[in-house]
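# just the structure for this:
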Amino acid sequence: MFQGTIPGPMRAIVRETAGSWPRGEVYVPCCGNFTIERSVAGMGFALHSSDVSIYTTAIGRWLTRQPVGIRLREESTEHLGWLAGFLDDGVGTVATLMLGTRFLASVGREGLWHERVVRSYREQWEAKHAETVQRLTGSDVELASYEVEDVRSWLQKVPRDAPVCSFPPFYGGGYEKLYEPLNEHFVWDAHEYEPLSDADVVDVLGAITDRPYWLTASNHDVPDLHPYLRGVIKATPRAAPFYVYASEAPTRIVTPRQPIEPVKAPRLRRGDELVGPIKLAMLKPGQFNALRSRYLNPRIAPGAANLAVAVKDGVGRILGVFALAPSSYTPDEAYLLSDFAVAPTDYPRLSKLVVLAATSSEAQLMCQRAFSRRIRAVSTTAFSNNPVSMKYRGLLRLTKRGPSNEDGWKFQLQYQGAMGEHSLAEALEKWAKRWGARTTQTEV
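Just a heads-up that it's a prediction; the model follows:
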């Protein structure tokens with residue numbers, strides 16, 4: 001219900017740490033999506049919160065029984081006039097803003113996907129809004145006060161012996177970008193402030209930590225706070241780590257765990273000859289995880305697959321694996337999350353056969369059944385130290401090349417291609433002619 005980016009295990013650490021604090025007033029600057037307040041709800045604290053964003057202020061004012069004070073902009077009534085009846089300066093306005101974070105970025109934008117998003121929310125609005133209001137009214141979060149104020153000035157008013165718990169934004173522009181669609185369509189008495197500079201971050205940290213009881217966290221390692229490092233949280237393989245610092249707290253480490261299931265099917269090995277026909281077999285998530293951990297480059301962070309498939313030869317040996325998910329941006333496109341061949345084998349370009357199988361008409365049918373939509377194309381991202389990916393070269397079209405956002409790679413390459421224009425039999429025939437040359441091992 002509350003939108004935010006703080007990992008779930010953080011709530012348990014906050015509650016555990018606060019358990020040793022004296023009951024009384026606790027101050028929460030930069031309260032964001034009220035993760036801290038929800039974590040310590042019911043523990044007997046009088047919670048005082050502050051922030052400067054439109055989203056947080058709507059919730060904070062409602063929780064402290066203040067008028068929300070947020071209205072639809074006059075220039076937005078053409079597209080969003082149908083929201084006016086749900087803006088009651090109370091919980092209805094809060095619910096509207098919460099739902100707005102999910103679709104307002106698509107309002108007024110061209111493209112089938114954006115049009116479908118807005119139309120879907122408008123058609124289901126009454127039910128979604130009523131459900132959100134019901135969930136909000138059932139919340140157990142209580143605030144003693146909420147103020148719209150910059151963290152730098154607000155912390156100066158906090159008693160020096162009172163506990164402070166905060167996850168301040170250590171990078172600029174994050175919240176501004178996140179809530180930009182809300183500010184574009186709604187007007188309110190926004191507080192003017194300057195983004196935190198590096199010097200400001202040091203001052204804020206000093207004001208938070210210069211007291212008997214405190215806790216803060218960041219997705220940046222802060223060397224000056226190493227003596228107070230109490231936990232490291234990495235909730236998923238692709239998530240950035242969160243570092244937890246506190247005056248006093250037990251030490252905790254949270255790491256991702258993936259389920260593993262045995263795969264009993266044999267794999268193609270060195271010395272084995274690949275025989276046709278090739279076929280596809282669906283994999284359970286645990287089986288996919290097991291094969292991915294065994295064969296995929298360990299520098300590539302794994303992702304969750306909607307559809308995981310093994311490619312097998314004519315005698316049932318696994319040749320490779322591919323995983324697909326529905327595209328978030330193009331309705332008739334599937335995203336190739338992962339594809340890899342087993343190793344070692346006598347076929348140095350076996351990975352190309354896996355890509356051909358992943359774009360076959362048989363794979364297309366599996367996608368359409370799994371995603372309940374028509375699939376006509378496939379796209380993927382490759383990380384490489386070369387300007388092209390040799391695995392996809394000749395099979396998919398390079399649409400974009402840029403610097404990598406992952407450590408250890410020079411280039412981030414975007415590829416796209418048609419899906420369903422060849423069968424598995426045609427894929428094997430094409431691969432055998434162009435890339436299926438077998439290496440031989442010379443005994444010494």
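
# where are the low-confidence patches of the stretch 301-444 of the chain?
For the stretch 301-444 of the chain, applying pLDDT under 70 flags the ranges 301-303, 440-444.

# which residues in it form strands?
Per DSSP state E, counting those that start in this stretch, the stretch 301-444 of the chain carries strands over the ranges 307-312, 318-326, 333-341, 377-384, 397-403, 411-418.

# any chance of those strands in JSON lines with distance to residue 121 and mean neighbour count as columns?
The way it works is simple: take the backbone N, C-alpha and C, and place the C-beta from them, glycine included. Putting the strands of the stretch 301-444 of the chain into JSON lines (distance: least, CB to CB, whole Å; neighbours: other CB atoms under 10 Å) gives the following:
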{"stretch": "strand 307-312", "distance to residue 121": "27", "mean neighbour count": "24"}
{"stretch": "strand 318-326", "distance to residue 121": "19", "mean neighbour count": "23"}
{"stretch": "strand 333-341", "distance to residue 121": "22", "mean neighbour count": "22"}
{"stretch": "strand 377-384", "distance to residue 121": "26", "mean neighbour count": "20"}
{"stretch": "strand 397-403", "distance to residue 121": "30", "mean neighbour count": "11"}
{"stretch": "strand 411-418", "distance to residue 121": "29", "mean neighbour count": "17"}
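
# distance to residue 424 added to those, as CSV?
Listed next are the strands of the stretch 301-444 of the chain as CSV, based on distance: least, CB to CB, whole Å:
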stretch, distance to residue 424
strand 307-312, 9
strand 318-326, 11
strand 333-341, 15
strand 377-384, 15
strand 397-403, 22
strand 411-418, 16
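
# low-confidence stretches in the stretch 101-250 of the chain?
Ranges of the stretch 101-250 of the chain meeting pLDDT under 70: 170-176.

# 80 instead, please
Under the criterion pLDDT under 80, the flagged ranges of the stretch 101-250 of the chain are 169-178, 194-202, 219-220, 235-240.

# tell me which stretches of the stretch 51-200 of the chain form strands.
Per DSSP E, counting those that start in this stretch, the stretch 51-200 of the chain carries strands over the ranges 71-72, 145-148, 164-166, 186-187.

# of these, which is nearest residue 305?
Closest to residue 305 of these, according to CB to CB: strand 164-166, at 36.7 Å.

# Provide the contact partners of that closest one at residue level.
14, 18, 26-31, 36, 40, 151, 155, 158, 207-208, 211, 213-216 (CB atoms under 8 Å, 6 or more residues apart in numbering).

# 7 Å instead, please
The contact list for strand 164-166, computed with CB atoms under 7 Å, 6 or more residues apart in numbering, reads 14, 26-30, 36, 158, 208, 211, 214-216.

# just the buried residues of the residues you listed.
Buried members of these, scored by 16 or more other CB atoms under 10 Å, are 14, 26-30, 36, 158, 208, 211, 214-216.

# contacts only, for the closest residue to residue 95 other than its chain neighbours.
With sequence-adjacent residues excluded and distances taken as CB to CB, 6 or more residues apart in numbering, residue 95 is closest to residue 132, at 4.0 Å. Neighbouring residues of residue 132 by CB under 7 Å, 6+ apart: 95, 98-99.

# check which residues of stretch 282-299 are buried.
Residues 283, 285, 287-292 are the ones in stretch 282-299 that count as buried (16+ other CB under 10 Å).

# hang on, I meant stretch 217-230
Going by neighbour count (16+ other CB under 10 Å), the buried part of stretch 217-230 is 217-219, 222, 225, 228, 230.

# out of those residues, the closest to residue 429 would be?
Nearest to residue 429 among the buried residues of stretch 217-230, with distances taken as CB to CB, is residue 219, at 49.5 Å.

# phi, psi of the closest one?
According to degrees, to the nearest 10, the main-chain angles of residue 219 amount to phi -90, psi 20.

# from what I see, it and residue 244 are in contact.
No. Assessed by CB atoms under 7 Å, residue 219 is found out of contact with residue 244, at 10.9 Å.

# now, which of the contacts of strand 164-166 lie within helices?
Among the contacts of strand 164-166, DSSP state H puts 14, 36, 208 in helices.

# what is the nearest of these to residue 438?
For the ones in helices among the contacts of strand 164-166, the residue nearest residue 438 by CB to CB is residue 14; the value is 58.3 Å.

# now do the same end-to-end measure for stretch 258-266.
One end of stretch 258-266 to the other measures 23 Å (CA to CA, to the nearest Å).

# contact partners for residue 203?
Residue 203 sits next to residue 152 when contact means CB under 7 Å, 6+ apart.

# just to revisit the earlier point, got JSON lines for the contacts of strand 164-166, with distance to residue 167 too?
Below are those laid out as JSON lines (distance: CB to CB, whole Å):
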{"residue": "14", "distance to residue 167": "9"}
{"residue": "26", "distance to residue 167": "14"}
{"residue": "27", "distance to residue 167": "13"}
{"residue": "28", "distance to residue 167": "9"}
{"residue": "29", "distance to residue 167": "10"}
{"residue": "30", "distance to residue 167": "6"}
{"residue": "36", "distance to residue 167": "7"}
{"residue": "158", "distance to residue 167": "16"}
{"residue": "208", "distance to residue 167": "10"}
{"residue": "211", "distance to residue 167": "17"}
{"residue": "214", "distance to residue 167": "12"}
{"residue": "215", "distance to residue 167": "9"}
{"residue": "216", "distance to residue 167": "7"}
